[in-house]
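Visitor: the following comprises the amino acid sequence and a computationally predicted model.
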Amino acid sequence: MRHRQSGFGLGCTIFGILAILPLIPGPLQGPFAKHVLVMVLLFASMSQAWNLLGGYCGQVSFGHSVFFGIGAYGAGMAVVKYGLTPWPGALLGAIIASIVSLVISYPCFRLKGHYFAIATFAIVEIFNRLFMVWYWVGGALGLDYPIIEEGWRNFMWYETKTPYYYGAFALFVLVFSTARWIERHRIGYYMRAVRDGQEAAESLGVNSPQVKLTAMAISAFLAALCGAFFVQYNLRVDPPMVMSLDMSMRFVLITILGGLGTLWGPLLGAAVLIPLQEYTRAIWGGLGGGVDLIIFGLLIIVIVIRQPRGLMGFVSWVVGHRARARGRG
Amino acid sequence: MKWHWSKRVLALVVVLLFVGIAGDAAFSQEKVIKIGTLFPLTGPVALAGQRCKAAVETAVEVINNSYPDIKVPLAAQEGILGGYKIVLVHADHQGKPDIGKTEAERLFDQEGVYAIIGSYNSAVTKPASLVAERRKKLFMCGCSSSAELTKRGMKYFFRMAPTDETESQEFVTFVKWLNETKGADLKTFGVIYENTEFGKHAAEEAKKAIEAAGFQYVADVAFNPGATNLNSEVQMLKGKNPDVVFGACLGADYILWVRTMKQLAWLPKVCLNYCSGYQDPIIAQQLGPDGDYFMGTTGYSPELAELMPAVAPVEEIYKTKIDPPVPFDSDSIQEAVATFVLAQAIDKAGTLDPDKVAETLYANEWESPLSLGGKVAFAPGGQNIKAMSVVTQLKDGEYRRVFPPELANSDPIFPIPSWDKR
Amino acid sequence: MTLFLQIALDGILNGMLYAIVALGLTLIWGVMDVINFAHGEFLMIAMYVSYWLGFLMNIDPLVSWVASSVFVFLLAFVTYKLMVSHLVGKPALSALLATFGLSMFLKNLCLNRFSPNFKLLPVTVLSGKTIPVGSLILSLPQLVIAVFSLAVIFIVYRFIASTRMGWAIQATAMDKEAAELMGIDTEKIYGLVFGLGGACVGIAGGLLPTYMPVHPEVGSLFGLIAFICVAMGGFGSITGSLFASLLVGLVEAFAGFYIAPIFKYVAVFALYLVIVMLKPKGLFGW
């Protein structure tokens, strides 16, 4: 019970700090810094959506960019093709993404380990290539936003980044609250039981296919909402932008670097990896030799080798260390 | 203390990051105009991006310093606007539209650039130029070819190169000319293109132009760029056997396409290429005799130098900026033109006010010795209406001008001799 | 009919190329349970080695594949020692992510050092040569690669099946602890297998410049297709990945011609899904 209280306090503190972050004067006020913050929150949310399935339920999917993309196309189609606001498109996209995820994963969940992972690779490639030739959604040409009125109705701003930040923050609160709720709820225990041993869980009466499908549907729904945000932020969508292995890898990478199957891991991972990626590009990208990507690749290797359990592993080591020291003193 | 190698790397990167951030603040100078470049310096089209970047650097070198021997506007004087020098800030968009948009914002908001030159991929130019438009800043586009770009009614966007729409029309006109004056009897057309924003758009424009002229469009072959082989694609073309093929294949795919046609012993009667692998002088050299007899549009190649005498000395500077040294190609030279025209307009407007400069850009016809035809002028929407290109044919590693007749220096050789008769 | 045979022939030749690329991956995966995401980049590096030897010293790829193979063997061995050895036995994802980082590193290092230019050897002994067989056309460079592929697969198969070292590899693959108790230096075995996996892809990469241009992105799609072949064939099965590669080559060729070229890889990926739905452990998996 005490543990639960302290976790709640930590969550509120983090939400509180993030809520006032754009108001703090100083280096975070620059537009590029704001952009980095928006990306941190977006990718933290996205990675958390992935973490629900990959971390808590143990099903490592490289296919989440498909759901991300469906959400992006939902919002994009609503605005570009039908002249609506993005909201109904985002919602519809999220629902479709959930349905698609169920249809895909129902047969795929029979696969184990690498077979499942590679099946999700294949699904990304198939969706990418089909969207490239599906002219109703723009095909290879993609969807470009017209210049329309700014504001919350259209969820679109051209110069200021602050509303985008709060939009991303809302998404972040939604996703992380959902994750925390699931973590404490019965379904969360079932998910972890399935991850730790499907046979054992089933022998205790857990309906593992149902648990996995539930996790998948929630995860895909949230991923699609993140995708809708992404397209509203970039005002353009085409298949390689959203439905690519590269994109999927980013969600996985962030979660693993942060800490697989932990509540704050995705935030920690995004808070480290996204600024690194953005600032290395800003500083070295212009040199033109791919220096930023060379360094970024090296860093991934180093971090994975140093800390295979992710940064949360490091944090809990530090916390544990202090607790032990206190115990001695 | 013995450190694991990975710890050392980590420490090194942290130090470099700090040096990088600190180094940023260190440079400031009186009377400079910062201009951003935004090209794909990494990723699948990095080659083109790096050449474009070098072309802009070349133009800036000529503008900032005094080169009395170079017969290009602004070359003789030092700087513009009474001593202002241009300083470039480079950015890499990796061929990704989202990164392009972010980097455009960073260039304007963080680096404080006055204008951006870029960004090769039409798919990136679209969102990036929107960023400039909303900030009322200039976006100079050299060679993105999608006709859409200049149909958006933008006020601060200018594009130098001909579009895929005009190129397609030029191809069809050329084929008609062959039919009328040389009795060629070419009727059926096919298009092979990479399924990307560039290729797809070119193919759509090609289809429109072909059908408008009453020709038959028989083969529409799209492929995934970066393919491991192009056998089925070429088999498909061979099966439909069109008289004329339009190609939009970049770099490595172009090489593979030509080699696969040779392997399967098939050729169309005439083969015309959009700005693609065909125009790359290094590819022409590597393909050797296999690359001969193909045709395509060219905005510049060294063989066009006699039409554009001012290019040679500028090209010498360009060659020092790119490794291995290559001459300008149709794409990269347009980025240099974009830089020159922007500088000329600022100089003429006598102010850095973007509105005034944009007005000046529209109001005048610009001397541009680096453009084929020597002139640049803009229609509403920002398209350069003086943009021209010639149809060339590769023979013995040389791009020979074959159309239009007034610019030609040799007769087109067609049909292409079959592989075994070379 | 000729057309049908020609397409089948092209498919088989390409399938043999995929087979030799996939072979290295199968070995590493089967023995160590590690997915090497940088496999396509190893291929690219091998192509660069062969290209530079041809360009600078005029050595034909028919000879320089030896050097490519040795070079990539060493590269893979060093990769194992510096990176992968820290990750064996850790969560399976760690090695995948680390090698993903490696692939990014290698790709951009080559871009940085060799420029993004497309490099093609203009003249090699094989390039552009074809052999007419009746009304069919056989491309010589692809044929040579196919022959090499068969030979290498045979040798590796024999090596694993009937040498002492091969038995040690098999033992390590089955049960690492038990193998260690038997006195097998599993660390050495892992290093060797990773190197051997590199050497196989090195041979493929050494021969490819006879018809394929080299550039930093060349390995990406090959790597992906190799994953598909290996998983389709079944965990660590050499024969499985050979058959799967041939199947992939054929499906690619037929789908490319009879459906549309744009769908050829879609068909390949869909084929994988169909096969693992029917046999969740791949064609030859157990």
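Guide: That came through, no problem. Numbers count the residues shown, from 1 in each chain, chains lettered A, B, ... in the order given.
Visitor: how many residues are close by C:Thr2?
Guide: A total of 10 residues lie near C:Thr2 under the criterion other CB atoms under 10 Å in any protein chain shown. (Glycine included, C-beta is placed from N, CA and C.)
Visitor: and the strands in the stretch 51-200 of chain B, which stretches?
Guide: Applying DSSP state E, counting those that start in this stretch to the stretch 51-200 of chain B gives strands spanning B:85-92, B:115-118, B:138-141, B:157-159, B:188-194.
Visitor: which among these is found nearest to chain A?
Guide: strand B:85-92 (3.3 Å; CB to the nearest CB).
Visitor: quick one: neighbours of A:Gly26, just the number.
Guide: A:Gly26: 7 neighbours (other CB under 10 Å).
Visitor: contacts only, for it.
Guide: For A:Gly26, the contact set (CB atoms under 8 Å, 6 or more residues apart in numbering or on different chains) is empty.
Visitor: can you list the strands of the stretch 51-200 of chain B in JSON lines and add distance to chain C and mean pLDDT?
Guide: As requested, the strands of the stretch 51-200 of chain B are exported to JSON lines (distance: least, CB to the nearest CB, whole Å; pLDDT from 0 to 100):
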{"stretch": "strand B:85-92", "distance to chain C": "11", "mean pLDDT": "93"}
{"stretch": "strand B:115-118", "distance to chain C": "17", "mean pLDDT": "94"}
{"stretch": "strand B:138-141", "distance to chain C": "21", "mean pLDDT": "95"}
{"stretch": "strand B:157-159", "distance to chain C": "24", "mean pLDDT": "95"}
{"stretch": "strand B:188-194", "distance to chain C": "9", "mean pLDDT": "94"}
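Visitor: nearest to B:Gly381, out of those strands?
Guide: strand B:157-159 (7.7 Å; CB to CB).
Visitor: can you list the residues of the stretch 101-250 of chain B near chain A?
Guide: B:101-103, B:105-106, B:109-110, B:123, B:126-127, B:130, B:133-135, B:148, B:195-197, B:199-201, B:222, B:224 (CB under 8 Å from any CB of the partner chain).
Visitor: follow-up on the earlier one: now render the strands of the stretch 51-200 of chain B as TSV, adding mean neighbour count and distance to B:Asn64.
Guide: Listed next are those as TSV, based on neighbours: other CB atoms under 10 Å in any protein chain shown; distance: least, CB to CB, whole Å:
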stretch	mean neighbour count	distance to B:Asn64
strand B:85-92	21	5
strand B:115-118	28	15
strand B:138-141	28	17
strand B:157-159	26	21
strand B:188-194	26	38
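Visitor: export these to JSON lines and tack on distance to A:Phe176?
Guide: Output for the strands of the stretch 51-200 of chain B, formatted as JSON lines (distance: least, CB to CB, whole Å):
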{"stretch": "strand B:85-92", "distance to A:Phe176": "33"}
{"stretch": "strand B:115-118", "distance to A:Phe176": "37"}
{"stretch": "strand B:138-141", "distance to A:Phe176": "38"}
{"stretch": "strand B:157-159", "distance to A:Phe176": "41"}
{"stretch": "strand B:188-194", "distance to A:Phe176": "41"}
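Visitor: B:Ser332 is nearest to which of those strands?
Guide: So among those, strand B:115-118 is nearest, using CB to CB, at 11.7 Å.
Visitor: kindly format the C-alpha coordinates of that closest one as CSV.
Guide: Extracted C-alpha coordinates of strand B:115-118, given in CSV (Å, rounded to 0.1, in the frame of the first residue of the first chain):
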residue,chain,number,x,y,z
ALA,B,115,16.6,32.4,-46.4
ILE,B,116,16.9,28.7,-47.2
ILE,B,117,18.1,27.1,-50.3
GLY,B,118,17.0,23.5,-50.8
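Visitor: how near is the residue located most distally from the centre of chain C to C:Val31?
Guide: Residue farthest from the centre of chain C, counting by CA atoms, centre = their mean, is C:Leu181 at 32.5 Å. For C:Leu181, the distance to C:Val31 equals 18 Å [CB to CB, to the nearest Å].
Visitor: quick one: residues contacting residue 169.
Guide: All of this is about chain A. So A:Phe169 contacts A:Leu18, A:Ala19, A:Leu41 (CB under 8 Å, 6+ apart).
Visitor: let's do chain C instead
Guide: By CB under 8 Å, 6+ apart, the neighbours of C:Ile169 are C:Val31, C:Ile160, C:Ile189, C:Leu192, C:Val193.
Visitor: what helix or strand is it located in?
Guide: In the assignment (DSSP states H and E), C:Ile169 maps to helix C:164-174.
Visitor: tell me the mean pLDDT over that helix?
Guide: Taken as a whole, helix C:164-174 has an average pLDDT of 90.
Visitor: show me what the very next helix or strand once past that helix is packed up against.
Guide: Using DSSP H and E, the helix or strand that follows helix C:164-174 in sequence is helix C:176-181. For helix C:176-181, the packing partners by 3 or more CB pairs under 8 Å, 6 or more residues apart in numbering or on different chains; DSSP states H and E come out as helix C:164-174, helix C:186-207.
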